[in-house]
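> Quick check, what structure comes out for this input:
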Amino acid sequence: MTATATTGTETATIARELVALCQAGRNQEAIEKFYSPNIVSVESVGNEEMPAELRGIDAIRGKNEWWVQNNEIHSAKATGPFIGDDQFAVKFDYDTTFKPTGEHVQMTEMALYTVADGKIVHEHFFYHMPGA
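The predicted model follows:
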C-alpha cells in the first residue's frame with residue numbers, strides 16, 4: 001500500500017485534535033484515534049529497556065503504558081501545533097517523578113509527526129538537554 005499525500009487542512013485537523021487530547025491527559029485516546037497501525041516512533045535516545053525506534057501500534061501502546069506506569073505526572077503541557085503540509089510539531093513540557101528511583105524530572109521535548117492517509121505514520125521526539 002502506497003501512502004497518499006495529506007492535505008495541510010487534514011494535517012491541521014489531526015494536529016489540533018491530538019494537542020487537545022494530550023492537554024486533557026488523554027494521550028492513549030489520541031494514539032487510538034490518530035495513529036496508523038504501522039506507525040514508526042523514534043526517540044532520540046534509547047536503551048535496552050526502551051529502544052530508540054519502535055514499529056507498529058502495539059509497540060506504541062506498550063511504550064505509552066510503560067511511561068504512565070513508571071512516571072508520576074505532576075503536570076504536562078502541550079504547546080502548538082506548529083503545522084506544515086503533511087507534518088506538524090508539538091512542544092511538550094513535563095514535570096514528573098520517575099517511580100522506580102524517586103527522581104524528580106522536568107523535561108521539554110519537541111515531537112515531529114508525519115501524516116499520510118489520514119493517520120500519523122511517523123513520530124520523532126527531540127529533547128532539550130541542558131549541558132549536553
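
> mind listing the helices for this protein?
Secondary structure of the chain, counting by DSSP state H: helices at 8-23, 27-34, 57-70.

> Return the per-residue confidence for Gly131.
What the model reports as pLDDT for Gly131 is 56.

> Adding mean neighbour count, distance to Ala76 and mean pLDDT, write the helices of the chain out as CSV.
(Each C-beta comes from the backbone N, C-alpha and C, glycine too.) Formatted as CSV, the helices of the chain follow (neighbours: other C-beta atoms under 10 Å; distance: least, C-beta to C-beta, whole Å; pLDDT from 0 to 100):
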stretch, mean neighbour count, distance to Ala76, mean pLDDT
helix 8-23, 18, 7, 94
helix 27-34, 16, 8, 95
helix 57-70, 14, 11, 93
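
> Redo these as TSV? Include distance to Phe125.
Listed next are the helices of the chain as TSV, based on distance: least, C-beta to C-beta, whole Å:
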stretch	distance to Phe125
helix 8-23	13
helix 27-34	13
helix 57-70	11
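
> now for those, which one comes closest to Asn47?
helix 57-70 (12.0 Å; C-beta to C-beta).

> List every C-alpha atom in that closest one, with coordinates, as PDB.
Presented in PDB, the C-alpha positions along helix 57-70 are these (Å, rounded to 0.1, in the frame of the first residue of the first chain):
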ATOM      1  CA  ILE A  57       0.700   0.400  17.100                       C
ATOM      2  CA  ASP A  58       1.000  -2.300  19.700                       C
ATOM      3  CA  ALA A  59       4.600  -1.300  20.400                       C
ATOM      4  CA  ILE A  60       3.500   2.400  20.800                       C
ATOM      5  CA  ARG A  61       0.700   1.400  23.100                       C
ATOM      6  CA  GLY A  62       3.200  -0.500  25.200                       C
ATOM      7  CA  LYS A  63       5.600   2.400  25.300                       C
ATOM      8  CA  ASN A  64       2.800   4.700  26.500                       C
ATOM      9  CA  GLU A  65       1.600   2.300  29.100                       C
ATOM     10  CA  TRP A  66       5.200   1.900  30.400                       C
ATOM     11  CA  TRP A  67       5.500   5.700  30.600                       C
ATOM     12  CA  VAL A  68       2.300   6.000  32.600                       C
ATOM     13  CA  GLN A  69       3.200   3.100  34.900                       C
ATOM     14  CA  ASN A  70       6.700   4.400  35.600                       C
END
